[in-house]
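# Next come a sequence and a model predicted from it.
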Amino acid sequence: MNEFNRAYSPKTGADSMDTSVNEGLRAFMLGVYNKMALGLLLTAGLAYAFGALVPENVTLTLLTGPIGMVIMFAPLAILLLSGFVMKNPSPLAANLVYWSVVSLIGVGMGAIVYVYARQPDGMMIVSKAFLTTAISFGGLSLYGYTTKRDLSGFGTFLIMGVIGIIVASLLNMFIFKSSMMHMVISVVGLLIFAGLTAFDTQRLKNMYFQLVGDSRAMAVATTYGALSLYLDFVNMFQFLLAIMGGNRS
């Protein structure tokens, strides 16, 4: 995603955001949101299937042990590998990355459904976390789309925050195993991805005016834009669920 950001992110300031209503921009953003929604739908379907419908022994085999670790880290590996290998991705390649990441995250989130579905109020907490995430995401994305303030200055800070969260999460997972540290990571992670939601929305809006007229680049931008917002949403949901679920996380 860093390669994508460097290739397509505009270097313009706040003045470029003072634009009139543009039907092309509206269609572009609608395409991004629609693809993101389809990705979330697939993720939810796979998570429910592997967490509640698939036989328990199959679920435990897939989501624990070596196979579970592969599923957990495969999306990150795909994103990093695609960033190094695909300098100028085609629409097909971008779609392969998107749906691979979405599918793997969906299977991995089956562990959440598996744990919460077996608790009296577990699925209620999941539903509340999802609804809260959806409302928050909508508000933050709307802010990023409508604000005249240039948010590009926050980009480096937010990306460094994501790297810090990943490192801290790995350390806590394998070394510290602290519930308090997990809660702190969840709160900080929620704030970081909330900021990224607004930042990415504005970045996509500005990107449209840089790519207008180039159908190939626009198709790639739609897919990677959907991936950016999808990752923002999923991470906000998981961090919020960890906060609301307390020790069950």
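Done, it's in. Numbering: from 1, shown residues only.

# And the longest helix along the chain, how far out from the chain middle?
Across the chain, the longest stretch assigned as helix under DSSP state H is helix 179-211. Chain-centre distance of helix 179-211: 9 Å, with CA atoms, centre = their mean, to the nearest Å.

# residues of the next helix or strand after it that come out buried?
Along the chain past helix 179-211, the next helix or strand (assigned with DSSP states H and E) turns out to be helix 215-245. Of the residues in helix 215-245, those buried under the neighbour-count criterion (16 or more other CB atoms under 10 Å) are 217-243, 245. Using the backbone N, CA and C atoms, a C-beta is placed for each residue, glycine as well.

# In terms of secondary structure, what does helix 215-245 contact?
Helices and strands touching helix 215-245, as assessed by 3 or more CB pairs under 8 Å, 6 or more residues apart in numbering; DSSP states H and E, comprise helix 2-8, helix 23-48, helix 91-108, helix 110-116, helix 122-146, helix 179-211.

# again, only using 6 Å
helix 23-48, helix 91-108, helix 122-146, helix 179-211 (3 or more CB pairs under 6 Å, 6 or more residues apart in numbering; DSSP states H and E).

# Let me have those in JSON lines, extended by mean neighbour count, mean pLDDT and distance to L79.
Written out in JSON lines, the entries for those read as follows (neighbours: other CB atoms under 10 Å; pLDDT from 0 to 100; distance: least, CB to CB, whole Å):
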{"stretch": "helix 23-48", "mean neighbour count": "17", "mean pLDDT": "96", "distance to L79": "14"}
{"stretch": "helix 91-108", "mean neighbour count": "19", "mean pLDDT": "97", "distance to L79": "7"}
{"stretch": "helix 122-146", "mean neighbour count": "16", "mean pLDDT": "96", "distance to L79": "20"}
{"stretch": "helix 179-211", "mean neighbour count": "20", "mean pLDDT": "96", "distance to L79": "14"}
